[in-house]
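Q: Have a look at this fold, sequence not included:
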């Protein structure tokens, strides 16, 4: 492993490991040094971590699985329709009517990568995925309320699009989009599903994040259906591929799956599941695992105005 100047130990599975979402607070972000980020050194560490992961056996398995799914969804990745062959196997109709061009990518909940080894490895993996799937950096939007201004500057210099408003995962898609949601809270997955809860939109989603089947196994079913009903529905109709993780990186990549939705599978849900789609409220969830927007900002969206602020290109690095 490249020397990053930090102590690093083999990760061992603790009791209950993989059962918790990422804690939405970090000790790094205390007043006085939240912005004290050595940008060049942080970028160097990210590059070193990417080089380490690029040589890891489990990355090759991730890459092959992701590439296979991307080829199934779009002729833009790994295939040339003009050559007379259709690169989309069974299920490839999910992107047939979608706009052409590369996949978009959205990453929520990455964490404070300047001082957290776990977050840095997850960021390095995201960059490898963008590289492998030929997704332009500027087509990848990232957000975490714990990012410091220094970390946001690092991300901009890497070429990523840094969002400045908390969407709470409520992002509607109109084209094939990869969501990178490593160890995020259940409410964030549930919000994303709710915002795209239709037979047309769900097939446009590809998710890398916590296994829905794993979430179902770890929860009391009546609580899952009451509080996270969209996950409860989705687990019955999605396709999951567990992504491998070496034992030394269990705390970083455990319980990770690649999740997609085939149009044909969505027919398994009754019509009532599509007609009755209220916005999640989470009245019974005191420990929500995500940082929500202020109440007044959520009210703006309730009136039909979506609040999304994107940093202008001239302000990126």
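A: Arrived safely. Given the structure is predicted, the values throughout are model-derived calculations rather than measurements.
Q: can we go C-alpha only for contacts and neighbour counts from here?
A: Fine.
Q: low-scoring stretches of the stretch 101-250 of the chain, by residue?
A: 101 (pLDDT under 70).
Q: Just the helices from it, written as ranges.
A: 117-132, 149-157, 186-195, 212-218, 221-227, 229-237, 250-253 (DSSP state H, counting those that start in this stretch).
Q: packing partners for the fourth one?
A: Just to be clear, that refers to helix 212-218. Judged by 3 or more CA pairs under 8 Å, 6 or more residues apart in numbering; DSSP states H and E, helix 212-218 is in contact with helix 229-237.
Q: report the angle between the axes of the helix it packs on and helix 186-195?
A: Here helix 229-237 runs at an angle of 80 degrees relative to helix 186-195 (axes from the mean of the first three to the mean of the last three CA atoms, to 10 degrees).
Q: Show me what counts as buried in helix 229-237.
A: Residues of helix 229-237 classed as buried by neighbour count (16 or more other CA atoms under 10 Å): 229-235, 237.
Q: Export the helices of the stretch 101-250 of the chain as a markdown table, with columns for distance to residue 69.
A: A markdown table is the format used below for these (distance: least, CA to CA, whole Å):
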| stretch | distance to residue 69 |
| --- | --- |
| helix 117-132 | 12 |
| helix 149-157 | 27 |
| helix 186-195 | 19 |
| helix 212-218 | 18 |
| helix 221-227 | 28 |
| helix 229-237 | 17 |
| helix 250-253 | 20 |
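Q: between these, which one is nearest to residue 267?
A: In terms of CA to CA, the element of those nearest to residue 267 is helix 229-237, at 8.4 Å.
Q: So which residues make contact with the closest one?
A: Applying CA atoms under 8 Å, 6 or more residues apart in numbering, the external contacts of helix 229-237 come out as 189-190, 193-194, 212-213, 216, 224-225, 261, 265-266, 268-269, 273.
Q: Now which of those residues would you call buried?
A: 189-190, 193-194, 212-213, 216, 224, 261, 266.
Q: As a markdown table, those residues with distance to residue 172 would be great.
A: Converted to a markdown table, the buried ones among the contacts of helix 229-237 look like this (distance: CA to CA, whole Å):
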| residue | distance to residue 172 |
| --- | --- |
| 189 | 13 |
| 190 | 13 |
| 193 | 9 |
| 194 | 9 |
| 212 | 20 |
| 213 | 23 |
| 216 | 24 |
| 224 | 23 |
| 261 | 15 |
| 266 | 18 |
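Q: before we move on, the earlier item: nearest to residue 63, of the contacts of helix 229-237?
A: Of all the contacts of helix 229-237, residue 63 sits closest to residue 261, with 19.3 Å by CA to CA.
Q: beta partners of that closest one?
A: residue 238 (DSSP bridges).
Q: Now do it against residue 279, distance only.
A: Residue 261 sits 21 Å away from residue 279, taking CA to CA, to the nearest Å as the criterion.
Q: now swap in residue 121 and tell me
A: Counting by CA to CA - residue 121 and residue 279 are separated by 33 Å.
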